[in-house]
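Q: no sequence on this one, just coordinates:
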DNA sequence: CGGCATCCGTGACGATACTG
DNA sequence: CAGTATCGTCACGGATGCCG
């Protein structure tokens, strides 16, 4: 087996790219940041990735300590992949990339895939406060854990537990809020976001 | 000519990776963050990159508005590549990557290349204050512009103009400071950094 | 000599088919 | 469901050549 391709530079950024610079790797991390995922789910949410490349990346990530494979207990017996603590620390990298990429993200082309939780990262930066916020878009739901001690986190689908606030909006509004162009209270007043819930977060989101 | 390979996802992070996710691209950005560079300099500081890939990446970056090619006026007539404002905004991405990668950056292997200015990014995060700081390592010199309005910046080699402080240290010390494990004043007291200059930055670096 | 373009061998990638 | 096997294609790395 030939040694895997590396940059061979004594530089922390190059070293990081040795681990996560391969095609698809950072997008797999983005998926797993939303919670544990089965192989088939990953394959479904990453259109274009071939099965062998996905399997190979997951193996690499497991070997490098970015992710682990775990078998769910019955009755939901299935293998899920999950980020390690080390892997979850890549969240700032994806946030920086996403922040930079928002400038180029124009109108959606018909060939572009969309998943609701892809909007969670920009929203995490834009929203202040503390608590569990559930967000509903046309594409689906996701939930944010604001003010968590280990930075912040989010998950796909509805929140499994109690929810402090629930936001419903369309994609364009979500993008504008994530970009920082639009504040949530302003959007609420403009009728572009509906906020429900009576937690402290809900109040602070409704008021400037 | 087939359309270039893209992820086709309506996601700002994926969109960013469409532009800078190719092999070598982010390392070229890292090089250009240290100032304008000629093709040959880039090729020399990126061991392993083939000539055609380097030329291809530079063309892509020019087309995508990340970099520009400019001809220096005589007598130093030469083409240099330079980041655009948009390209310079990738600095947070490289900082996030570098911060994450520092955890894996162990001892230097003999096959690893090193350049002095590769240590500029971690130091930029670690150092507080405002002014021009010149740093001397065994591998060479670089200089930092702390507190610049457009974030921060740095350059390879000695500073072209006036210098507020000058630091000399070895690589291990530089890494520890960049990691945040060691404060500059502590390192000065331990004799691991020599600080010269009498600017405000020099004073603040000497004192806790 | 700087700045590429061309050629070639190898490995990575993408699509599909197939298996436990 | 969760991958492995196969195969064609393309990108990469190395060497060499060209041209101002």
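A: Received the coordinates, thanks. Predicted, not measured: the structure shown is a model, and the values here were computed from it. Numbering: from 1, shown residues only, chains lettered A, B, ... in the order given.
Q: Now do stretch A:76-88: everything it contacts.
A: With contact meaning C-beta atoms under 8 Å, 6 or more residues apart in numbering or on different chains, stretch A:76-88 is reached by A:29, A:32-33, A:35-39, A:42, A:58, A:61-62, A:65-72, A:90, A:150-151, A:153, B:103. The way it works is simple: take the backbone N, C-alpha and C, and place the C-beta from them, glycine included.
Q: what about that stretch and DNA strand D, touching?
A: Yes: contact between stretch A:76-88 and DNA strand D, assessed by C-beta under 7 Å from any atom of the strand, occurs at A:78-80.
Q: That stretch and DNA strand C in contact?
A: No: using C-beta under 7 Å from any atom of the strand, stretch A:76-88 stays clear of DNA strand C, coming no nearer than 10.4 Å.
Q: Most neighbours of all the residues of stretch A:76-88 next to DNA strand D, which one?
A: Highest neighbour count within those: residue A:80, with 18 neighbours (other C-beta atoms under 10 Å in any protein chain shown).
Q: you'd agree it is in a strand?
A: Yes: judged by DSSP: H, G, I helix; E, B strand; the rest coil, residue A:80 forms part of a strand.
Q: Which residues outside the lengthiest helix in chain A are in contact with it?
A: Of all segments of type helix in chain A, defined using DSSP state H, the longest is helix A:51-63. By C-beta under 8 Å, 6+ apart, the residues outside helix A:51-63 that reach it are A:4, A:22-25, A:28-29, A:39, A:42-43, A:46, A:67-69, A:81, A:87.
Q: how long is stretch A:118-138 end to end?
A: End-to-end distance of stretch A:118-138 (C-alpha to C-alpha, to the nearest Å): 13 Å.
Q: With stretch A:98-108 instead?
A: End to end - C-alpha to C-alpha - stretch A:98-108 spans 16 Å.
Q: what's the spacing between it and its chain's center?
A: Mean C-alpha position of stretch A:98-108 versus that of the full chain (C-alpha atoms, centre = their mean, to the nearest Å) differs by 15 Å.
Q: Would you mind listing the outside residues contacting the worst-scoring helix or strand of chain A on mean pLDDT?
A: Every helix and strand in chain A was compared by mean pLDDT, DSSP states H and E; the lowest is helix A:200-206, with a mean of 89. Applying C-beta under 8 Å, 6+ apart, the external contacts of helix A:200-206 come out as A:127-133, A:146, A:164-167, A:184-185, A:188, A:195-196.
Q: What does the pLDDT read for the closest residue to residue A:159 other than its chain neighbours?
A: Among residues not flanking residue A:159 along the chain, residue A:143 sits closest, at 3.8 Å (C-beta to C-beta, 6 or more residues apart in numbering or on different chains). Predicted confidence (pLDDT) at residue A:143: the value is 96.
Q: Look at residue A:143 and give its secondary structure.
A: The local conformation at residue A:143, judged by three-state DSSP, is strand.
Q: Surely it touches residue A:161?
A: No: in this structure, residue A:143 is not within contact of residue A:161 by C-beta atoms under 8 Å, at 9.3 Å.
Q: Same drill for the two, tell me which one is more crowded.
A: Comparing residue A:143 with residue A:161 by other C-beta under 10 Å, the one with more neighbours is residue A:143, at 24 against 7.
Q: which ones are touching the more buried one?
A: The contact partners of residue A:143, by C-beta under 8 Å, 6+ apart, come to A:132-135, A:154-155, A:157-159, A:163.
Q: In strands only, show me these.
A: Here DSSP state E is the test, and those give A:132-135, A:154-155 as lying in strands.
Q: need the strands for chain A, in chain order.
A: A:67-71, A:79-83, A:131-137, A:140-146, A:153-156, A:165-169, A:193-196.
Q: Residue A:90 - how many residues pack around it?
A: Residues near residue A:90, counting by other C-beta under 10 Å: 24.
Q: How about it: what's its closest non-neighbour residue?
A: In this structure, residue A:90 finds its nearest non-sequential neighbour in residue A:29, 5.1 Å apart by C-beta to C-beta, 6+ apart.
Q: Show me how far stretch A:130-143 is from its chain's centre.
A: 12 Å.
Q: Next up, the contacts around the residue lying closest to residue A:131 once chain neighbours are set aside.
A: Counting by C-beta to C-beta, 6+ apart, residue A:164 is the residue found nearest to residue A:131 once chain neighbours are left out, at 3.5 Å. If you count contacts by C-beta under 8 Å, 6+ apart, residue A:164 has them with A:131-133, A:197, A:199-202.
Q: Pipe the residues you listed into CSV and attach distance to DNA strand C and neighbour count per row.
A: Output for the contacts of residue A:164, formatted as CSV (distance: C-beta to the nearest atom of the strand, whole Å; neighbours: other C-beta atoms under 10 Å in any protein chain shown):
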residue, distance to DNA strand C, neighbour count
A:131, 39, 21
A:132, 36, 22
A:133, 34, 28
A:197, 41, 20
A:199, 43, 18
A:200, 45, 13
A:201, 40, 24
A:202, 42, 20
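Q: Nearest to chain B, out of those residues: which one, please.
A: Relative to chain B, the closest of those is residue A:133; by C-beta to the nearest C-beta it sits at 19.7 Å.
Q: Save the ones in strands among the contacts of residue A:143 as TSV, and put in pLDDT too.
A: As requested, the ones in strands among the contacts of residue A:143 are exported to TSV (pLDDT from 0 to 100):
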residue	pLDDT
A:132	93
A:133	95
A:134	96
A:135	97
A:154	93
A:155	94
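Q: Turn the residues you listed into JSON lines, columns for distance to chain B.
A: What follows is the ones in strands among the contacts of residue A:143, written out as JSON lines (distance: C-beta to the nearest C-beta, whole Å):
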{"residue": "A:132", "distance to chain B": "23"}
{"residue": "A:133", "distance to chain B": "20"}
{"residue": "A:134", "distance to chain B": "20"}
{"residue": "A:135", "distance to chain B": "15"}
{"residue": "A:154", "distance to chain B": "14"}
{"residue": "A:155", "distance to chain B": "17"}
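Q: Thanks a lot, see you next time.
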